[in-house]
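Student: I'd like to go over a predicted model; first the sequence, then the structure.
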Amino acid sequence: MSLVPTLVDTVVGAPFRVADAAVGGSLQTAGICTDHDPTHLEPDYTDEHSEYVDVAGTSVHYRDEGSGPTLLLLHGTFSSLHTWDEWTERLKSEYRVVRVDLPGHGLTGPHDGFGHNMAGMTAFLEAFCAELGLDDFAVVGNSRGGAVAWRYVLDYDRAERLVLIDAMGFPMNPPTPLLNLLSVPGFTEAFRWLTPEWFIARAVREVYGDAERIAPGTVERYHDLMLHEGNRAAVMDILRRDMVDPELRYDELSEVDVPTLVMWGELDPWLPPEWATRFREEIPDAECITYEGVGHAPMEETPAKSAADLDAFLDTWRAPVSVEVEAPERVAE
């Protein structure tokens, strides 16, 4: 076990905590700040649909809206369940939409009961589904959430449909300057304390095909929830595992045995659009849709079109509506 994180926390973290308590506002303007108490974030990032469930000793934030066939939506790294806001508004009239803040993200925060590797995330997801009694659902995942989704389909039997949106799954090198920072000595430890909003803003702009489509408040939300107690340390551990010691099971994709839709932004700078073709070719009978001028998160950048495509894919899955028709009255001749 490396002593670097412990030393950084002792040598750097302790003075930051003292200074933050005294002049926190000024330090935070510079991007230097301690973790935020989740109770301070909840008023801004919960609503009447927000609920919490205990999963192996950790309180997990999720939302459960609508009625009909169940959709389980999984966000990617740096993100939260809020990435699905627009989709939820469009789909909850026809579907039950369940979305969750995965461990190390959003208002859930770190989870001590499961590791940050893929096996730990899929085990967490199974425990979450068991707690909510979810079965026979369509699992939808973006980015790392997509990787969790297809591994979940391989390892468990609850999901009936799979949707991958710019999903992880194949060997990769750091494709952007931001991800290349992971290789800089000390960066992951420094990120626990030095997290300026401009850095998050750049990351958000980078994943959009057109930065003009970024909704007001999006960058602030990403930054605020990153400062949730323990999230920065967890995300750095997640990224390290994915980039340095990945668990690759793409040779098992041919074993996916549920109808699958692959959706991809053609301007994704993080995960190459060529991967959409690879997923389509590796997964039996998979369908594929790409989006011109769109980046890494089509559900945020083009919510109307991508939600409509999802609905069309799931159309045959929805139970037919039973309509009773009265027999016509006989007309006297």
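Tutor: Noted; the coordinates are in hand. Numbers count the residues shown, from 1 in each chain.
Student: which residues in the stretch 101-250 of the chain form strands?
Tutor: 137-143, 159-167 (DSSP state E, counting those that start in this stretch).
Student: mean neighbour count, mean pLDDT and distance to residue 85 added to those strands, as CSV?
Tutor: (Each C-beta comes from the backbone N, C-alpha and C, glycine too.) Compiled in CSV, those are given as follows (neighbours: other Cβ atoms under 10 Å; pLDDT from 0 to 100; distance: least, Cβ to Cβ, whole Å):
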stretch, mean neighbour count, mean pLDDT, distance to residue 85
strand 137-143, 26, 97, 13
strand 159-167, 26, 98, 15
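Student: quick one: closest of the ones you listed to residue 233.
Tutor: strand 137-143 (19.8 Å; Cβ to Cβ).
Student: hmm, who's touching the closest one?
Tutor: For strand 137-143, the surrounding residues in contact (Cβ atoms under 8 Å, 6 or more residues apart in numbering) are 69-77, 79, 83, 98, 129, 147-150, 152-153, 158-168, 270-271, 296-297, 299, 310, 314, 317.
Student: if we use 6 Å, what do you get?
Tutor: The contact list for strand 137-143, computed with Cβ atoms under 6 Å, 6 or more residues apart in numbering, reads 70-74, 76, 148-149, 159, 161-163, 165-166.
Student: secondary structure element for residue 73, which one?
Tutor: strand 70-74 (DSSP states H and E).
Student: that strand pairs with which strands, parallel or anti?
Tutor: Within its sheet, and counting by DSSP bridges, strand 70-74 is paired with strand 96-100 (parallel), strand 137-143 (parallel).
Student: tell me which of the ones you listed lies nearest to residue 180.
Tutor: That would be strand 137-143 among those, by Cβ to Cβ, at 17.5 Å.
Student: number of residues surrounding residue 233?
Tutor: 19 (other Cβ atoms under 10 Å).
Student: for residue 228, give me its contacts.
Tutor: Contacts of residue 228 by Cβ under 6 Å, 6+ apart are 38, 41, 109.
Student: picking up where we left off before, now render the strands paired with strand 70-74 as a markdown table, adding distance to residue 205.
Tutor: Supplementary listing: the strands paired with strand 70-74 in a markdown table, determined by distance: least, Cβ to Cβ, whole Å:
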| stretch | distance to residue 205 |
| --- | --- |
| strand 96-100 | 24 |
| strand 137-143 | 16 |
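Student: by neighbour count, which of the contacts of residue 228 wins?
Tutor: Result: residue 109 is most packed of those (other Cβ under 10 Å), 22 neighbours.
Student: what confidence value was assigned to that residue?
Tutor: On pLDDT, residue 109 comes in at 86.
Student: hmm, it is touching residue 230, no?
Tutor: Yes - contact criterion Cβ atoms under 6 Å: residue 109 and residue 230 qualify, at 5.1 Å.
Student: residues of stretch 206-224 that come out buried?
Tutor: 206, 207, 208, 209, 213, 214, 218, 219, 221, 222, 223, 224 (16 or more other Cβ atoms under 10 Å).
Student: quick one: low-confidence ranges for this structure?
Tutor: Scanning the chain for pLDDT under 70 picks out the ranges 1-33, 173-179, 181-183, 185-193, 243-246, 318-333.
Student: now stretch 124-133 - C-alpha only, CSV.
Tutor: Extracted as CSV, the C-alpha positions of stretch 124-133 are listed here (Å, rounded to 0.1, in the frame of the first residue of the first chain):
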residue,chain,number,x,y,z
PHE,A,124,-23.1,-3.1,-5.6
LEU,A,125,-25.7,-2.8,-8.4
GLU,A,126,-27.0,-6.3,-7.6
ALA,A,127,-27.4,-5.4,-3.9
PHE,A,128,-29.1,-2.2,-4.8
CYS,A,129,-31.6,-4.0,-7.2
ALA,A,130,-32.2,-6.6,-4.5
GLU,A,131,-33.0,-3.9,-1.9
LEU,A,132,-35.5,-2.3,-4.3
GLY,A,133,-36.9,-5.6,-5.6
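Student: residues contacting that stretch, please?
Tutor: Contacts for stretch 124-133 (Cβ under 6 Å, 6+ apart): 53, 55, 56, 103, 114, 152, 156, 158.
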